[in-house]
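Engineer: Compute the structure for the input listed below.
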Amino acid sequence: MWNELPLRDVVFTLLFRVGVASAMAALVARSNLFQRSLLVEERSLDERLRFVLFYGPLVGAGVLTRVLLGYQATDVSLEGSLVAGLAFGRTSGMMVGALAALPAVFHKEWLALPFAMMCGAAGGLLREVTEHKERVWSFGPFALLSVPRWVVNLIARQELAWQVWPLLLCIGLEALRIFLGSTFPRTLYYVHTEPGWAVVLPVLATLVGTALTLMIWNNNRIQLKLKEQEASLLSARMEALTSQINPHFLFNTLNTIGSLTRVEPEAARSLLVKLSNILRRLLRKHENFVPLRDELRFIDDYLDIEMTRFGPEKLRFQKEIDDSTLDAMVPSMLLQPMVENSIRHGLAPRLEGGEIRLRTARMNGRVVIDLEDNGIGIPADRIPEIYSSGIGISNVNERLKVLYGQDFALKIDSEPGRGTSIRIELPELFGA
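Structural biologist: Residues are numbered from 1 along each chain as shown. Model (predicted):
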């Protein structure tokens, strides 16, 4: 029989045991392999096996520390086996229990293996009979505080809260361990307390250790789901913003082609070929980021279409591209809306047309893109509206906010009658 511990040592040992169970839970929760399996309730054999091979030896190491060094607080074999069954099923719970009990078996604690496997099986069976598996995660460390409310609900509504079952399971298994350990000395480890009320302390520690492990895993699970939902919302928002651009561009291009169909059918045919190239590129690869090189090719195709309509003498385009920026990753469809705005609102109203100049550079760890035109310009009082209204610039501004937060710059300068310049500064990001 293990030595009877004074009450003070019992309290210290059990508090430390709860801390060990929580630390193991937190360590497992940081594993990427384990995190992915938390997001679903039905897990593959491979996912369950990886969990067993990760968590089982960890719990077993605590038992080994107790066997070799006599630190009773590191033995969380009951809590570990039970929570493995509750979270991952009967087979996983039994396998974790078997791995955890091996050091005790070699120490000739013959009941350790069947008892630990029974704890894992009991947790798994409770999980299997539960109609909604999500309920497993509702068992918390303060379950005892809810007992009065559960009793009231049972009397008033004949409803028994699900959390009662894991609570009774923790109490029953710890009580059984104490009974077996005291009846068959040295065959099963348990915390041997002074006779009397102190026997409830190991039961309470088992309850809190099991519930804390589930709570830690559930908190991590909730965080992962929130991140997943945030990513889904971001993706949906980006798709919505991009969908504002593509139909807008397509509508204007088709109008251009339609205006040439009768008077210049060959030019219209050429524009259709160029448009098909653009659409093929958009449909082939829907990405938030593309190399600046691809974005410039897209602009070239777009401007070929617009120059066919306006004529090269009325629409001129100049580029000053820093070669070191060509592989920088930029948001897709970044330049086309701004070039379109320059043409439609800046140059088209001028009878003599005008010129668009595009420059790129790298400055202080940022990619700088300057787009200038010599069009009719924008009145100063209208510039603030452009950032938040319309489809072109406001759409680009919104997309940049989604992708970069506050780590970007979009500045518009304009002088009526002399033209408009737009500067975009983005963090340097290069593909692999």
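Engineer: where does the closest residue in space to residue 142 that isn't next to it in sequence fall, helix, sheet strand or coil?
Structural biologist: Spatial nearest neighbour of residue 142, chain neighbours left out: residue 211 (7.9 Å); criterion: Cβ to Cβ, 6 or more residues apart in numbering. Backbone N, C-alpha and C define where each C-beta goes, glycine included. Using DSSP: H, G, I helix; E, B strand; the rest coil, the structure places residue 211 in helix.
Engineer: For residue 106, see how far away residue 211 is.
Structural biologist: Remark: distance between residue 211 and residue 106 (Cβ to Cβ, to the nearest Å) = 30 Å.
Engineer: Stretch 201-210: which residues count as buried?
Structural biologist: Residues 201, 202, 203, 205, 206, 207, 208, 209, 210 are the ones in stretch 201-210 that count as buried (16 or more other Cβ atoms under 10 Å).
Engineer: Equivalent analysis for stretch 73-84, please.
Structural biologist: So for stretch 73-84, counting by 16+ other Cβ under 10 Å, buried means 73, 74, 75, 76, 77, 78, 79, 80, 81, 82, 83, 84.
Engineer: Repeat that for stretch 267-277.
Structural biologist: Of all the residues in stretch 267-277, those buried under the rule 16+ other Cβ under 10 Å are 268, 270, 271, 272, 274, 275.
Engineer: closest to residue 33 among these?
Structural biologist: Nearest to residue 33 out of the buried residues of stretch 267-277 is residue 275 (Cβ to Cβ; 47.1 Å).
Engineer: where's that closest one, which helix or strand?
Structural biologist: Here residue 275, judged by DSSP states H and E, is contained in helix 265-284.
Engineer: model confidence over that helix, on average?
Structural biologist: If you average the pLDDT over helix 265-284, you get 77.
Engineer: for the following helix or strand past it, which positions count as buried?
Structural biologist: Next in sequence after helix 265-284, counting helices and strands by DSSP H and E, comes strand 289-291. Buried positions in strand 289-291, judged by neighbour count with 16+ other Cβ under 10 Å: 290, 291.
Engineer: partners of strand 289-291, with directions?
Structural biologist: strand 329-331 (antiparallel) (DSSP bridges).
Engineer: For the strand it pairs with, which outside residues touch it?
Structural biologist: Under the criterion Cβ atoms under 8 Å, 6 or more residues apart in numbering, residues 288-292, 295, 367, 369, 396, 399-400, 403, 426, 429-431 lie in contact with strand 329-331.
Engineer: Now the buried members of the residues you listed.
Structural biologist: By neighbour count, with 16+ other Cβ under 10 Å, the contacts of strand 329-331 hold 288, 290, 291, 292, 295, 367, 369, 396, 399, 400, 403, 426 as buried.
Engineer: Switch those residues over to a markdown table; also include distance to residue 98.
Structural biologist: Below are the buried ones among the contacts of strand 329-331 laid out as a markdown table (distance: Cβ to Cβ, whole Å):
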| residue | distance to residue 98 |
| --- | --- |
| 288 | 47 |
| 290 | 52 |
| 291 | 53 |
| 292 | 57 |
| 295 | 58 |
| 367 | 57 |
| 369 | 62 |
| 396 | 59 |
| 399 | 54 |
| 400 | 55 |
| 403 | 49 |
| 426 | 55 |
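Engineer: And this protein, split by domain according to the record?
Structural biologist: The chain breaks down by automatic domain parsing into domains covering 7-229, 261-427.
Engineer: where in the stretch 251-400 of the chain is pLDDT low?
Structural biologist: Residues of the stretch 251-400 of the chain that meet the criterion pLDDT under 70 lie in 252, 281-287, 309, 389-391.
Engineer: and the residue nearest to residue 142, how many residues sit next to it?
Structural biologist: Using other Cβ atoms under 10 Å, residue 211 has 24 neighbouring residues.
Engineer: and what of residue 180?
Structural biologist: Counted with other Cβ under 10 Å, residue 180 comes out at 15.
Engineer: who touches it in this structure?
Structural biologist: Taking Cβ under 8 Å, 6+ apart, we find residue 180 in contact with 111, 115, 187, 188, 190.
Engineer: Throw these into TSV and include secondary structure and distance to residue 179, thanks.
Structural biologist: Converted to TSV, the contacts of residue 180 look like this (DSSP: H, G, I helix; E, B strand; the rest coil; distance: Cβ to Cβ, whole Å):
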residue	secondary structure	distance to residue 179
111	coil	11
115	helix	11
187	coil	12
188	coil	10
190	coil	9
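Engineer: my guess is residue 80 contacts residue 96, does it?
Structural biologist: Yes: using Cβ atoms under 8 Å, residue 80 is in contact with residue 96, at 6.0 Å.
Engineer: Can you pull the residues that touch both of those two?
Structural biologist: Residues touching both residue 80 and residue 96 (Cβ under 8 Å, 6+ apart): 55, 56, 59.
Engineer: closest to residue 328 among the residues you listed?
Structural biologist: Taking Cβ to Cβ as the measure, residue 328 sits nearest to residue 55 out of these, at 44.0 Å.
Engineer: Tell me how far the closest one lies from residue 106.
Structural biologist: Distance from residue 55 to residue 106, by Cβ to Cβ: 20 Å.
Engineer: Of the two, give the one with the bigger neighbour count.
Structural biologist: residue 55 (28 against 11).
Engineer: list the contacts for that one?
Structural biologist: Shown in contact with residue 55 (Cβ under 8 Å, 6+ apart): 24, 28, 34, 80, 84, 96.
Engineer: Could you pull up the residues touching residue 117?
Structural biologist: Each residue near residue 117 by Cβ under 8 Å, 6+ apart is listed here: 81, 94, 97, 98, 101.
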